[in-house]
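Structure for the following, please:
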Amino acid sequence: MFLDNKTQVDKLKQFDSFNKVLTEGNNQRWRKLLLFCFIGFAVFMALPWTQNIQSPGIVSTLSPDQRPQQINSIIAGRILKWNIRDGQIVNKGDTLLQLTEVKEDYLDTALLKRIDDQINAKSEAIEFYGQKAETTNQQETALMSALKFKLSQLRNKLKQYRLQVESDSMAYVAAQNQLKISTEQLARQKQLYDAGLKSLTELETRQQYYQDALAKKTSAENKFFNSKNELLNIRLDLSGTEQEYAEKISKISGERFSALSQASSTESEVAKLRNQYANYKQRQNFYVITAPQSGQVIRTSKSGIGETVKDGEPLMQIVPTNFSPAVEMYISPVDIPLIKPGQKVRLQFDGFPAIVFSGWPEASYGTFGGKISAIDPYVSTNGKFRIWVVPDGSKSWPQQVRLGTGTQGVALLNDVPIIYELWRQLNGFPPKYYKNKDEAAKSDKNEK
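This next block holds a predicted model:
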């Protein structure tokens, strides 16, 4: 019901309830209230707001040796004894469990001794082959000396018979000349005898001289040809001796090379046996599994005594008790251009109460400071880029933080008015990370 004239209003003013509900100054108070609200809203919109990128993460560490480590069985075996239990704190080098052998190739308890005996036997064989090679070398040297002496002897004999042949040749020529002279003298003596100028006795004497010359010529010829044959035989002996000794020396050399080859082959076998010995000895060290680092034992995958394990099969995990914490976070590719090493990050750890104002990090309570240490250059399988956040030194992170603790990270960007941030969020624009000319010049000057 609307009252349009003043009279009716005056009549209604006699009622106290009407006076309490509607008064003339009520509209002015509402105007002032709306004005104050508008001014407050405008001031609020002008307040600074820190742009940020929020992302969940987990506590990890940059050092691979400080992360949870899986303990595997290097060899196949059977569990003989457990020395730990789940949740136990162990030090580096502590015995975790003991294994026994299950493969038939390694069941011999005196396996190393037998391999060592084989190595010693093969080593002695190498010495014997070496001595054999040395003996054949001495034999070869002796044959070379004998060949040299024999050849020298035959060459001297060859030289001697060459001279003998020359001498017999000269004697043969002289005997031929003497026979020729005797033949001519006998012919003249016979002519004189026929003419009656010489006696028969003188003719017979001349015939006797002829027979003697003929006999000398025949003897010299035989001796000459015998010398030539002997010279040929000596040359044949010289060639045969060289061939004979060459065959003997070749045979001895073959035996020496055979001994050296057998020695080399045996050395190869010795090296193989030593390799087996070292492998077997190293394998025995794998029967006892020790802690590679200090930490707490978790997630033992085997139980009981006598259970067999395969080579490479996981047995348990050890989580280091002392580590340098770092938060592993993932950033969307659209935000990765805004992130750089050294940038500030505020972190909230699961289990630690906190009051967080993402736009006013100074007003937040229970958060811890960090800075970006590294950014992966390649996208992860989840389609995001991984960044690593380490303490910035302003406030120590809680000692109760463990590996795998969940976090909520806020990467801090530029300070802008709240109204700009609302406008950016409504339009889906990226945060204001571009630099103006003055800021770019100032940044370049600082870098120089």
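
would you list every one of the strands in the protein?
For the chain, the strands defined by DSSP state E occupy 48-61, 69-72, 77-82, 89-90, 95-100, 288-290, 295-298, 308-309, 314-319, 325-331, 344-349, 368-375, 385-391, 406-417.

taking the mean pLDDT, what do you get for the third one?
Taken as a whole, strand 77-82 carries a mean pLDDT of 87.

Which neighbouring elements make contact with that strand?
Applying 3 or more C-beta pairs under 8 Å, 6 or more residues apart in numbering; DSSP states H and E, we find strand 77-82 packed against strand 95-100, strand 308-309. (Glycine included, C-beta is placed from N, CA and C.)

Please give me every residue in contact with Gly77.
By C-beta atoms under 8 Å, 6 or more residues apart in numbering, Gly77 lies in contact with Leu99, Thr100, Glu101, Val102, Tyr287, Thr308, Val309.

change it to 7 Å
With contact set as C-beta atoms under 7 Å, 6 or more residues apart in numbering, Gly77 has these partners: Leu99, Thr100, Glu101, Val102, Tyr287, Val309.

Tell me the spacing between the residue in the chain sticking out farthest from the centre and Pro333.
Distance from the C-alpha centroid of the chain, by C-alpha atoms, centre = their mean, peaks at Gly196 (123.8 Å). From Gly196 across to Pro333, the span is 155 Å (C-beta to C-beta, to the nearest Å).

still on that earlier bit, quick one, which of the contacts of Gly77 are buried?
Applying a neighbour-count criterion of 16 or more other C-beta atoms under 10 Å, the buried members of the contacts of Gly77 are Leu99, Glu101, Val309.

and which of these is nearest to Ile249?
Nearest to Ile249 among the buried ones among the contacts of Gly77: Glu101, at 55.2 Å, using C-beta to C-beta.

doesn't Thr109 make contact with that closest one?
No. Judged on C-beta atoms under 7 Å, Glu101 makes no contact with Thr109 at a distance of 9.5 Å.

domain parsing for the chain?
Following automatic domain parsing, the chain resolves into domains at 10-46, 48-65+323-440, 69-101+287-319, 111-285.

and the ones you listed, which one is worst for confidence?
Lowest mean pLDDT of these: domain 10-46, a mean of 66.

what are the ranges of the helices in this protein?
Using DSSP state H, the helices of the chain run over residues 6-12, 16-21, 26-46, 111-194, 200-285, 418-427, 437-447.

How much space separates the residue farthest from the centre of the chain from Gln185?
In this structure, Gly196 and Gln185 are 18 Å apart, going by C-beta to C-beta.

what's the answer for Gln276, then?
From Gln276 across to Gln185, the span is 102 Å (C-beta to C-beta).

try Ser169
Distance, Ser169 to Gln185, using C-beta to C-beta: 25 Å.

Leu232 too?
With distances taken as C-beta to C-beta, Leu232 is found 37 Å from Gln185.

Likewise for Arg67?
131 Å.

between the buried ones among the contacts of Gly77, which is nearest Lys248?
Glu101 (56.2 Å).

which ones are touching that closest one?
Neighbouring residues of Glu101 by C-beta under 7 Å, 6+ apart: Gly77, Leu107.

List the residues that contact the residue lying closest to Val270 once chain neighbours are set aside.
Distances taken as C-beta to C-beta, 6 or more residues apart in numbering put Lys122 closest to Val270, at 4.6 Å, once the chain neighbours are dropped. Contacts for Lys122 (C-beta under 7 Å, 6+ apart) come out as Thr266, Glu269, Val270, Leu273.

nearest to Asn91, of the residues you listed?
The shortest approach to Asn91 among the contacts of Lys122 belongs to Leu273, at 37.9 Å (C-beta to C-beta).

before we move on, the earlier item: can I get the buried ones among the contacts of Gly77 in TSV including distance to Gly369?
Shown next, in TSV, are the buried ones among the contacts of Gly77 (distance: C-beta to C-beta, whole Å):
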residue	distance to Gly369
Leu99	48
Glu101	55
Val309	46
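
Between the residues you listed, which sits nearest Gln207?
Closest to Gln207, out of all of these and judged by C-beta to C-beta, is Glu101, at 116.1 Å.

Please tell me how far that closest one sits from Lys310.
Glu101 is 14 Å from Lys310, by C-beta to C-beta.

And for Asn382?
Computed as C-beta to C-beta, the Asn382 to Lys310 distance reads 32 Å.

which one of these two has more residues nearby?
Lys310 (11 against 8; other C-beta atoms under 10 Å).

Spit out the contact partners of that one.
Counting by C-beta under 7 Å, 6+ apart, Lys310 makes contact with Ala76.

Phi and psi next, for it.
With angles defined as degrees, to the nearest 10, Lys310 sits at phi -90, psi 160.

Use 134 as the first number for this chain going forward.
From this message on, residue numbering opens at 134, which makes the last subject Lys443.

Which one of the contacts of Lys255 is nearest to Asp250?
Within these, proximity to Asp250 (C-beta to C-beta) peaks at Leu406, which comes in at 9.9 Å.

Neighbours of that closest one, how many?
Leu406: 19 surrounding residues under other C-beta under 10 Å.

what's the answer for the one 10 residues further on, then?
The criterion is other C-beta under 10 Å. On that basis, Arg416 has 16 neighbouring residues.

So which bits of stretch 287-305 are buried?
Leu287, Lys290, Leu291, Tyr294, Gln297, Val298, Asp301, Ala304, Tyr305.

Okay, now stretch 203-220: how far is its last residue from its first?
End-to-end distance of stretch 203-220: 15 Å, with C-alpha to C-alpha, to the nearest Å as the criterion.

For stretch 191-207, give me every contacting residue.
229, 232, 419, 422, 425-426, 442, 444-453, 456-461, 506, 521, 534-540.

Restricting to C-alpha, output stretch 249-259 in CSV.
This file holds the C-alpha atoms of stretch 249-259, laid out as CSV (Å, rounded to 0.1, in the frame of the first residue of the first chain):
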residue,chain,number,x,y,z
ASP,A,249,93.0,-72.4,-7.7
ASP,A,250,94.5,-75.9,-8.2
GLN,A,251,93.6,-75.7,-11.9
ILE,A,252,95.3,-72.4,-12.1
ASN,A,253,98.5,-73.7,-10.5
ALA,A,254,98.5,-76.8,-12.8
LYS,A,255,98.0,-74.7,-15.9
SER,A,256,100.8,-72.3,-14.7
GLU,A,257,103.2,-75.2,-14.3
ALA,A,258,102.2,-76.4,-17.8
ILE,A,259,103.1,-72.9,-19.1
